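Asker: Provide a 3D model corresponding to the input given below.
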Amino acid sequence: IYVVGCFENGTTEVQFEFDAEEVLYVDFERQEVVYTVPKFLVLDPTKLFENMHVYNNFNLNIYLCRENAGLIKYPPESILYPAEDVQFGVENSLTCFVNHFYPPYIKVSWTKNGRPVSEGVSLSRYYPNNDQTFHQFSTLTFTPMEGDMYSCTVEHSALDSPKTRIWGECFIL
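Answerer: Numbers count the residues shown, from 1 in each chain. Got it, this is the predicted structure:
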C-alpha cells in the first residue's frame, strides 16, 4: 500500500509499505527515494513502481496536499505504559504510544516529578495506519524510585492544548 503524507510546512512524502512495514518513501523536496529496509536487499525502484498508477499521480498528490494543507486534522490519542512489570530501583522503559493523528507531525515531551527530561528519550518515526492517520512511539528509559511521577505530553496542531498522560507510584505492583 502507499500513504501520502501532507505536512503543514508544505512538504509531501509518499510512503510504500509491504506487510504493514515501510519499505521506502519518496521525499519530493529532496527529489529522492529513501529506503527504510536494509541496504543488502538492494531494491530497484523501477520494479516497485511498475504497473502502479500511483507513480503517475505523484504530482497530483503534491498539488492536493498543498491545496488542502491544514484543512484536515485528526487529534491524537495517547497511552502511557511500562515495557515490563515495574519494581523500584530496577531499570525499565515507559512508552508513550500516540495514535490516530493527522497531519503526521507531533511533539512529545517527558517530565519526571514535574521537571523536563531529555536523557534516555527516543522518538520513532511516524508510521501509517490503515485509516490514513499515523502513529508514533516515544520511549523513556527510567529507574523508578518511591514517589516518582512521570508524564508524557503530546502537542499536535489538531489539539486545542497539549495532552498529558501521567504515570506514577500507584501503577507499581
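Asker: Tyr140 sits in which helix or strand?
Answerer: Check again: residue 140 is Leu, not Tyr. With elements taken from DSSP states H and E, the one containing Leu140 is strand 134-142.
Asker: Give me the buried stretch members for that strand, please.
Answerer: Using 16 or more other CB atoms under 10 Å as the test for burial, strand 134-142 gives Phe134, His135, Gln136, Phe137, Ser138, Thr139, Leu140, Phe142. To be clear about C-beta, it is placed using only N, CA and C from the backbone, and glycine gets the same treatment.
Asker: so the last one makes contact with Val90?
Answerer: Read it as Phe142. No. Using CB atoms under 8 Å, Phe142 is not in contact with Val90; the gap is 10.1 Å.
Asker: Mind checking the pLDDT average for the strand holding Leu140?
Answerer: Average pLDDT, strand 134-142: 95.
Asker: May I have that strand exported as CSV, CA atoms only?
Answerer: The C-alpha coordinates for strand 134-142 follow below in CSV (Å, rounded to 0.1, in the frame of the first residue of the first chain):
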residue,chain,number,x,y,z
PHE,A,134,-0.5,7.9,11.8
HIS,A,135,1.1,6.6,15.0
GLN,A,136,4.4,7.1,16.7
PHE,A,137,6.2,5.9,19.8
SER,A,138,8.3,7.8,22.3
THR,A,139,10.2,5.8,24.9
LEU,A,140,11.8,6.9,28.2
THR,A,141,14.4,4.7,29.9
PHE,A,142,14.0,5.2,33.6
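Asker: How about the backbone phi and psi for Ser161?
Answerer: Phi and psi for Ser161, reported as degrees, to the nearest 10, are phi -150, psi 160.
Asker: Please determine how far it is located from Thr153.
Answerer: 10 Å (CB to CB, to the nearest Å).
Asker: ditto for Thr111
Answerer: Distance from Thr111 to Thr153, by CB to CB: 7 Å.
Asker: what does Pro76 give?
Answerer: Plainly put, Pro76 is 11 Å away from Thr153 if you go by CB to CB.
Asker: list residues touching both of these two?
Answerer: By CB atoms under 8 Å, 6 or more residues apart in numbering, Pro76 and Thr153 have these common neighbours: Lys163.
Asker: Comparing these two, which shows the higher neighbour count?
Answerer: Taking other CB atoms under 10 Å, Pro76 and Thr153 do not tie; Pro76 has more neighbours (22 against 17).
Asker: okay, now Pro75: neighbour count?
Answerer: Close neighbours of Pro75, defined as other CB under 10 Å, add up to 16.
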